[in-house]
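Asker: below is the structure, and that's it, no one-letter string:
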């Protein structure tokens, strides 16, 4: 009787050791990647398909007059933003709200906002020195993208194209989603309805 208990204990120990050995072996053979996937809580594709950036209170197509009337109600008390600035050009209008900018072409005003530019927060990214291009690519997932030097078309909202910049471009749900990378970090995000905006 005692011998059978001893044998049982030995078998249990041997089984446990074999599990530990297998687990160790799997870890040893796991592929090594240069960039760890970003644990990202926001479904970027889901939002972009609907013309949304979750940190921005308006979506592509939102009514312009409603935006002008309600914008300040979305601004936190104590913010440096005192008003939504309207910058009207010959063909387009820019609504400047601090870290958020909205654009539309005069001829397409009835179609609402055509461009959203985020320069502080977008899709759970804090912009300007925290996340790099690989973080964006991992967070967006399997969507096809183009990664190239930033052009004037990509960064039309900047007075000059910064040196050492690139752009990651996606086409999602008929909208253009672009991440502007400056000095290796995401610095701005644009979401555009190309049917109502000429670059």
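Answerer: Cool, the structure landed. Keep in mind it's a predicted model, so treat the numbers as computed, not measured.
Asker: roughly how far apart are the residue nearest the centre of the chain and residue 183?
Answerer: The residue at the geometric middle of the chain, judged as the C-alpha nearest the mean C-alpha position with Cα atoms, centre = their mean, is residue 123 (4.1 Å). In this view, residue 123 and residue 183 are 20 Å apart by Cβ to Cβ, to the nearest Å. C-beta: built from backbone N, CA, C; applies to glycine.
Asker: how many neighbours does the nearest residue to residue 60 once chain neighbours are set aside have?
Answerer: By the measure of Cβ to Cβ, 6 or more residues apart in numbering, the closest residue to residue 60 outside its immediate chain neighbours is residue 51, 3.2 Å from it. The criterion is other Cβ atoms under 10 Å. On that basis, residue 51 has 23 neighbouring residues.
Asker: do the same with residue 66
Answerer: By the criterion of other Cβ under 10 Å, residue 66 has 11 neighbours.
Asker: one more: residue 89?
Answerer: Other residues within reach of residue 89, judged by other Cβ under 10 Å, total 10.
Asker: just residue 70 next, same as before
Answerer: One way to gauge burial is a neighbour count; for residue 70, by other Cβ under 10 Å, it gives 14.
Asker: can you pull the contacts of residue 150?
Answerer: Residues counted as contacts of residue 150 (Cβ atoms under 8 Å, 6 or more residues apart in numbering) are 161-162, 165-167, 180-181.
Asker: among those residues, which one has the most neighbours?
Answerer: Most surrounded of those: other Cβ under 10 Å gives residue 180, at 24 neighbours.
Asker: ok, it to residue 117 distance?
Answerer: 9 Å.
Asker: overlap of the contact sets of these two?
Answerer: 188-190.
Asker: can I get these in TSV with distance to residue 100, neighbour count and pLDDT?
Answerer: Written out in TSV, the entries for the shared contacts of residue 180 and residue 117 read as follows (distance: Cβ to Cβ, whole Å; neighbours: other Cβ atoms under 10 Å; pLDDT from 0 to 100):
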residue	distance to residue 100	neighbour count	pLDDT
188	11	25	96
189	11	26	98
190	11	26	98
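Asker: closest to residue 43 out of those?
Answerer: Within the set of the shared contacts of residue 180 and residue 117, residue 189 lies nearest residue 43; the separation is 15.1 Å, counting by Cβ to Cβ.
Asker: kindly state the domain boundaries assigned to this protein.
Answerer: The chain is divided into the following domains under automatic domain parsing: 1-32, 44-192.
Asker: start and end of the longest one, how far apart?
Answerer: This means domain 44-192. The separation between the terminal residues of domain 44-192, taken as Cα to Cα, to the nearest Å, is 14 Å.
Asker: about what we covered before: contacts only, for the residue nearest to the centre of the chain.
Answerer: In this structure, residue 123 makes contact with 42, 44, 47, 53-55, 139, 189, judged by Cβ under 8 Å, 6+ apart.
Asker: now swap in residue 190 and tell me
Answerer: Taking Cβ under 8 Å, 6+ apart as the criterion, residue 190 is in contact with 115-118, 154, 157, 176-178, 180.
Asker: residue 155 is in contact with residue 181, isn't it?
Answerer: No - counting by Cβ atoms under 8 Å, no contact exists between residue 155 and residue 181, whose distance comes to 10.6 Å.
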